[in-house]
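Enquirer: dropping a prediction and its sequence here:
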Amino acid sequence: MNATAIVFYALAGLACASAFMVIWSRNVMHSALYLVPTFLSVAAIYVMLRAEFVAAVQVLVYAGGILVLFLFVIMLVNVKAVQGARLRLHGAVSGSIGAASIALLLSVYGRGRILAAAPDGGKLTEFGGNLETVGWVLYNEYLLPFEIASLFLLVAMVGAIVLARHKA
Amino acid sequence: MPVPASHILVFSLVLFAIGMLGVLTRRNVLIILMSIELMMNAANINFVAFSRQLNNIGGQVFSVFTIVVAAGEVAVGLAIVLALFRNRDTVMVDEVHIMRG
């Protein structure tokens, strides 16, 4: 096992542990803060997988935008009202449903075969670095989805403002 | 590839399972939204891992789109949480049963 693999397993373990703390901790503020190590380790794994642009977007959007949004809303709603019991009877029922579906996913993973790795130095860096390639493909093959995504963001922004503002 | 692709897929499966556990067992709608973010992260890891494995940039472009959708979803979701808290004074999903017959 080389050093890169050790770093990957350490990052994956950190991400899983802190993701578990997100759903386990009683304080919702702690949950939001436990999201940070998860997002940052996933971004580091993206860098290891040669997806530097996705890693940068992950840090900017998730750790920068979404997390701040969560923290704002947690501070806006009453902190006492958001503390609560962890599990109830229906939690056990839904937990077993979840365990069954995870077992199904695992069996699919076990049955399927992963395709062999393609040779290096091909399409991932066809137009120079990672950022150039992503930009080239995004603005050529995926131009219409890109524009639809921007429209989607506009609609989401307007909808969020309309939903969250005080009644006049 | 620094590690076998199947290990990355197992990692993303574990992350997805943790997110699903959070959605199924927690009552706080904020935690449920965070768990949905975790599941979207797991799907993104799959996209990027297969993009690396198959040497195709499409997976990375698609994961950028997923991040866009996640950002819009969390903005609207948190606005709904704010409106819910303002009207019903709670963020627990099992205390919101206006539509129960």
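Expert: Sure thing, it's come through. Numbers count the residues shown, from 1 in each chain, chains lettered A, B, ... in the order given.
Enquirer: what segments of chain A are strands?
Expert: Counting by DSSP state E, chain A has no strands to list.
Enquirer: so where's it shaky on pLDDT?
Expert: Counting by pLDDT under 70, the ranges of chain A that qualify are A:78-91, A:112-122, A:125-128, A:167-168.
Enquirer: wait, what's in contact with the residue most central in space within chain A?
Expert: Centroid check for chain A by CA atoms, centre = their mean gives A:F39 as the closest residue, at 6.4 Å. With contact set as CB atoms under 8 Å, 6 or more residues apart in numbering or on different chains, A:F39 has these partners: A:Q58, A:V59, A:Y62, A:A63, A:L67, B:N41. (Glycine included, C-beta is placed from N, CA and C.)
Enquirer: contacts only, for the first one.
Expert: So that's A:Q58. A:Q58 sits next to A:F39, A:V42, A:A43, A:Y46, B:N44, B:I67 when contact means CB under 8 Å, 6+ apart.
Enquirer: so the fourth one versus A:G135, what's the distance?
Expert: Okay, so that is A:Y46. 17 Å (CB to CB, to the nearest Å).
Enquirer: neighbour count winner among these two?
Expert: Legend: neighbour count by other CB atoms under 10 Å in any protein chain shown for A:Y46 and A:G135, higher for A:Y46 (25 against 15).
Enquirer: was I right to think the more buried one contacts A:V57?
Expert: No - if you go by CB atoms under 8 Å, A:Y46 and A:V57 don't touch, sitting 9.1 Å apart.
Enquirer: burial count for B:N41?
Expert: Using other CB under 10 Å, B:N41 has 27 other residues around it.
Enquirer: for B:G72, same thing?
Expert: Per other CB under 10 Å, the neighbour tally for B:G72 reads 19.
Enquirer: so who does it touch?
Expert: When contacts are taken as CB under 8 Å, 6+ apart, B:G72 is in contact with A:F152, A:L153, A:V155, A:A156.
Enquirer: among those, name the buried ones.
Expert: A:F152, A:A156 (16 or more other CB atoms under 10 Å in any protein chain shown).
Enquirer: tell me the average confidence for the longest helix along chain B?
Expert: With DSSP state H setting the assignment, residue counts place helix B:58-88 as the longest helix in chain B. On average, the pLDDT along helix B:58-88 is 91.
Enquirer: so which bits of it are buried?
Expert: When burial is assessed from 16+ other CB under 10 Å, helix B:58-88 yields the following buried residues: B:59-65, B:67-68, B:70-82, B:84-85.
Enquirer: what about the residue lying closest to A:V59 once chain neighbours are set aside, how many neighbours?
Expert: Nearest-residue entry for A:V59: A:A43, 5.0 Å, with adjacent residues in sequence omitted and distances by CB to CB, 6 or more residues apart in numbering or on different chains. Burial of A:A43 is recorded as 23 neighbouring residues (other CB under 10 Å).
Enquirer: surely A:A43 is in contact with A:L60?
Expert: No - between A:A43 and A:L60 there is no contact, the gap being 9.6 Å when judged by CB under 8 Å.
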